[in-house]
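Enquirer: next one to model:
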Amino acid sequence: MDASSPNRSLADHVSRGDRFDPGKDSRSSPPSALRGGGFLIVDDDAAFRAVLSTFLEQHNLPSTFAANRAEVRKQMNSASPSLIILDIKLGQEDGLDILREIRSSSDVPVIIMTGHRRDEIDRVVGLELGADDYLTKPFSLHELLARIRAILRRQEIGRMARIKDPERGGYRFLGWQLERRARRLIDPTGRLVPLTKGEYSLLLAFLASPQRPLSREQLLQLTRLHEDVYDRSIDVQVLRLRRKLEADASAPQVIVTERGVGYVFAHPVEPY
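Expert: Numbering: from 1, shown residues only. I've put the predicted structure just below:
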């Protein structure tokens with residue numbers, strides 16, 4: 001769409017009578033499920049992205065933008081969005097292919113947007129590919145907000161269930177998957193990678209605190225490796241884990257040494 005024609009663009013996207021009033025004080029506390037990261041709006045219309053972002057910001061729902069597949073990849077690699085709002089009609093690109101790529105490595109909630117009510121096939125395919133909900137343009141911003149809140153409520157219920165049952169669920173990162181109940185590590189090709197008890201405990205500690213430096217003492221406490229209470233025991237476990245996770249254990253890119261501190265798991269992690 002032509003981002004230089006905002007009035008026509010907004011009419012295509014947002015229902016009449018439901019334009020956002022920036023003067024209206026609609027601030028409220030964000031759902032706790034959101035506090036780990038903001039939203040990602042994927043749409044190639046800059047005017048619509050601006051209106052939607054402003055509306056969400058007024059409801060304490062921060063957001064970032066992407067207009068194509070490359071920008072989505074960049075955002076997914078640099079952050080862990082709490083929810084994605086994805087237009088499946090992106091000019092020359094197919095939003096369904098982007099959804100398929102997202103679902104190959106992430107369970108982040110996704111709301112898809114379609115341009116016409118007759119696009120039933122696209123909506124059905126989108127839901128089958130793992131979209132959590134859909135809206136047809138033009139749509140009410142308040143309906144979008146209600147659907148977002150419903151998804152985040154379900155997400156929070158799942159999070160509380162995992163707290164009550166700590167062995168439920170797992171983590172995904174870089175195409176890998178750690179299943180907590182079965183204590184299984186699966187690589188991006190689907191191959192099972194065996195872990196010792198110490199390696200599993202160490203990886204679990206890293207995945208619970210991604211992109212955060214952890215000292216050797218913290219790692220010792222988190223992994224409870226008290227049979228051999230020496231700082232270097234953690235170094236040995238890290239080396240073994242690197243040999244299983246890294247393309248080149250001598251030049252680690254996943255578990256990185258933080259000089260003078262300890263180690264950091266350098267990539268976003270998604271709990272499920």
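Enquirer: quick check: closest non-adjacent residue to Glu270.
Expert: Nearest non-adjacent residue to Glu270, counting by C-beta to C-beta, 6 or more residues apart in numbering: Arg172, 4.7 Å away. From N, CA and C alone the C-beta is placed, and that goes for glycine too.
Enquirer: same for the helix or strand that contains the one you found, what does it pack against?
Expert: According to DSSP states H and E, Arg172 maps onto strand 170-173. Applying 3 or more C-beta pairs under 8 Å, 6 or more residues apart in numbering; DSSP states H and E, one finds that strand 170-173 makes contact with strand 176-179, strand 270-271.
Enquirer: that strand: which residues count as buried?
Expert: Neighbour-count burial for strand 170-173, counted by 16 or more other C-beta atoms under 10 Å, picks out Gly170, Tyr171, Arg172, Phe173.
Enquirer: how far away from the center of its chain is that strand?
Expert: 11 Å (C-alpha atoms, centre = their mean, to the nearest Å).
Enquirer: where does pLDDT dip in this structure?
Expert: 1-37, 116-119, 158-168, 224-232 (pLDDT under 70).
Enquirer: domain parsing of it, as residue ranges.
Expert: As recorded under automatic domain parsing, the domains making up the chain are 6-164, 170-271.
Enquirer: from the chain's centroid, how far away is the last one?
Expert: Think domain 170-271. Relative to its chain's centre, domain 170-271 lies at 20 Å (C-alpha atoms, centre = their mean).
Enquirer: the helices and strands packed on strand 170-173: which one's closest to Leu144?
Expert: With C-beta to C-beta as the measure, strand 270-271 is the member of the helices and strands packed on strand 170-173 nearest Leu144 (23.2 Å).
Enquirer: for the stretch 51-200 of the chain, what spans make up the strands?
Expert: Secondary structure of the stretch 51-200 of the chain by DSSP state E, counting those that start in this stretch: the strands cover 63-66, 83-87, 89-90, 93-94, 110-114, 133-136, 170-173, 176-179, 184-186, 192-193.
Enquirer: got TSV for the ones you listed, with distance to Gly126 too?
Expert: Shown next, in TSV, are the strands of the stretch 51-200 of the chain (distance: least, C-beta to C-beta, whole Å):
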stretch	distance to Gly126
strand 63-66	17
strand 83-87	8
strand 89-90	11
strand 93-94	11
strand 110-114	4
strand 133-136	6
strand 170-173	21
strand 176-179	23
strand 184-186	26
strand 192-193	31
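Enquirer: so which of those comes closest to Glu57?
Expert: strand 63-66 (7.1 Å).
Enquirer: so which other helices or strands are in contact with that closest one?
Expert: Short answer (3+ C-beta pairs under 8 Å, 6+ apart): strand 63-66 packs on strand 39-42, helix 46-58, helix 69-78.
Enquirer: alpha carbons of the strand holding Arg172, as CSV, please.
Expert: Provided in CSV are the C-alpha atoms of strand 170-173 (Å, rounded to 0.1, in the frame of the first residue of the first chain):
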residue,chain,number,x,y,z
GLY,A,170,10.6,-26.3,28.1
TYR,A,171,12.7,-23.8,26.1
ARG,A,172,13.4,-23.1,22.4
PHE,A,173,16.5,-21.3,21.1
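Enquirer: alright, that wraps it up for me.
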